[in-house]
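The following comprises the amino acid sequence and a computationally predicted model.
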Amino acid sequence: MATGTFSDTSVFPDPVYKETVLRPLFDGAKDHHVEGFRRIDRAHLVMLHDTGILTIEQARPIAQALDAIDREVDVSTLTYTGEVEDFFFLIEKELRARLGPDLAGRLHTARSRNDIDHTLFKIGLKQRIDPLLERLVRLAETLASVAERESSTLIVAYTHGQPAQPTVFGHYLSAVLETLLRDIARLEAARDIVDRSPMGAAAITTSGFPIDRDLMAHLLGFSRPLQNSYGCIASIDYITSTYSSIELIFLHLGRLIQDLQFWASFEVGQVYVPNAFVQISSIMPQKRNPVPIEHMRHLASQTIGRAQAMLTIMHNTPFTDMNDSEGESQSFGYGAFESGGRVLDLITALIPALRINPDRVRQNIRRSCITVTELADSLVRREGLSFREAHEIAAEVSRSVVAIGGEIAVDGYETFREAFERCAKRQTTIDVAQFAEIVSPENFVAVRDRFGGPAPGALSHAIAGYNQEISGMRSRIQEAAQRAQASAQDLQTRFTALLGDR
């Protein structure tokens, strides 16, 4: 049995480790986090000087060296060589070359790659969440506008894939909008978790130096520090809350997209997709293919898949700092924002361009007898029948009309009159004209003037409420942008002051 001390003559990094792990991590940092590194270095230096941890004689040359690195090093041209472990150590190497090891090393006082990394990732997420929120609010504004425009446009509402009842397109879009507003609220809540700075947690337990975590949070554009230092480097709910919100957004939008696909089919034909969103067949001249809807569907599914994968990556990981939530996982997750943004841009352009085909809607309403529910309801209100009695009469009417391929308003009255007399043992007080009015789709919608219903009053009230909610979201986006701009400006001012006269 071998005993004693092993002799290890290997040199870091192993070539395979370099190519499979270190190079991709370096390239990911180079592609996604250069500005975040830059801002963290500058903010940390300002904080170290502001708290007296570094004197002006120490802080100024570090500031000048950081400024020189920004001007002299073209990050986009860098190739990973293995000379340093990662991007963080590349910057430190550049500082050492300009300042020497003692002064260069002082910038890392009271911080760790742990709190730096999670701060970088949160900065990266905020930079992607904010444009996504902007797109989502724009879509919400579009849905509200089109819902108002289409507030009297009749459509067939489907349940279980079959014609159910008439409503208006504005009512349908309002239902989509309500869900979207809840989805936006979930993403706003996730952003609030992201918007808490980990800087100052250092490796895991903060620091013995008199750091100012509130100042760091402010300079980096965060709303406040995340309090527990262990949680700063261990809690990944800023990742899971973000991607679970994204997953739900595009899962729900996918249902709208699927409806549009169904409604645009030749057999249903309820919605007309304009030529600008239609591609032709290479062989069949009669074909109108609304393929943008298909692209929205598969892009939404890709977005869901990427978001779900991020949650899977976090599954069964230890509650501590770990590579599973870092570097390459972060870069992978960014793809969800890219594909999701494409879906939102496309659907925001498509929705206002769609038109409901009124002739096909009328035909489908006529063929399916979907206004007959109101006949049953009217018999309860006008004739005093129980709903079950009224339902049986209405069912007999619909069966007879469908059997002859007729139209309920024209062909249903005689069957109705006979069924009513047989069931109620008396004659109905509803004449032919009143019957036709009762079973009209316009009446069906108009009498449903209850909270949340499709009638003009109820729908107008709902849309006004949605617009008010959207306005609040728009205001919060603008306020967040203003805070971010003010923080960036304050950091620039303080850092410039450290530079002094050169």
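The structure has been received and is ready for your questions.

Beyond the helix or strand hosting Ala104, next helix or strand please.
When secondary structure is defined by DSSP states H and E, Ala104 falls within helix 101-105. Following helix 101-105 in sequence order, the next helix or strand is helix 113-149 (DSSP H and E).

Wait, Glu294 touches Leu260, no?
No - the pair Glu294 / Leu260 is not scored as a contact, 10.2 Å apart, by CB atoms under 8 Å. (Each C-beta comes from the backbone N, C-alpha and C, glycine too.)

out of these two, which sits in the busier spot?
The residue with more neighbours, out of Glu294 and Leu260 and counting by other CB atoms under 10 Å, is Leu260; that gives 21 against 13.

quick one: that one and Glu383, what's the gap?
Leu260 sits 41 Å away from Glu383, taking CB to CB, to the nearest Å as the criterion.

Met322 too?
From Met322 across to Glu383, the span is 71 Å (CB to CB).

Looking at those two, which has the bigger crowd around it?
The residue with more neighbours, out of Met322 and Glu383 and counting by other CB under 10 Å, is Glu383; that gives 16 against 13.

burial count for Phe250?
Counted by other CB under 10 Å, the residues lying close to Phe250 total 25.

Number the chain from 47, please
In the new count, where the first residue is 47, that last one comes out as Phe296.

For the helix or strand hosting it, which residues meet the burial criterion?
With elements taken from DSSP H and E, the one containing Phe296 is helix 283-309. Neighbour counts over helix 283-309 (16 or more other CB atoms under 10 Å) mark 284-297, 299-300, 302-303, 305-307, 309 as buried.

Could you identify the longest helix within this structure?
In the chain, with assignment by DSSP state H, the single longest helix is helix 502-545.

Who are the packing partners of it?
helix 80-96, helix 102-118, helix 159-195, helix 215-240, helix 259-265 (3 or more CB pairs under 8 Å, 6 or more residues apart in numbering; DSSP states H and E).

Now do the strands in the stretch 347-496 of the chain.
For the stretch 347-496 of the chain, the strands defined by DSSP state E, counting those that start in this stretch cover 401-402.

burial of Leu68, as a residue count?
Counted with other CB under 10 Å, the neighbours of Leu68 add up to 19.

Setting aside sequence neighbours, what's the nearest residue to it?
Ranked by CB to CB, 6 or more residues apart in numbering and with sequence neighbours excluded, the top spatial neighbour of Leu68 is Pro59, at 5.6 Å.

So the one you found is in contact with Glu131, correct?
Yes - taking CB under 8 Å as the contact criterion, Pro59 and Glu131 are neighbours in contact, 7.5 Å apart.

Show me whatever sits in contact with both of those two.
The overlap between the contact sets of Pro59 and Glu131 (CB atoms under 8 Å, 6 or more residues apart in numbering) consists of Leu68.

Following element in sequence after the helix holding Phe296, please.
The first helix or strand that comes after helix 283-309 along the chain, using DSSP H and E, is strand 317-318.

Pairing partners for that following strand, with directions?
Looking at strand 317-318 with DSSP bridges, its partner strands are strand 401-402 (antiparallel).

can you list the residues that contact the strand it pairs with?
Under the contact criterion CB under 8 Å, 6+ apart, strand 401-402 has outside partners Glu196, Thr199, Leu200, Ile201, Phe215, Gln316, Val317, Tyr318, Pro320.
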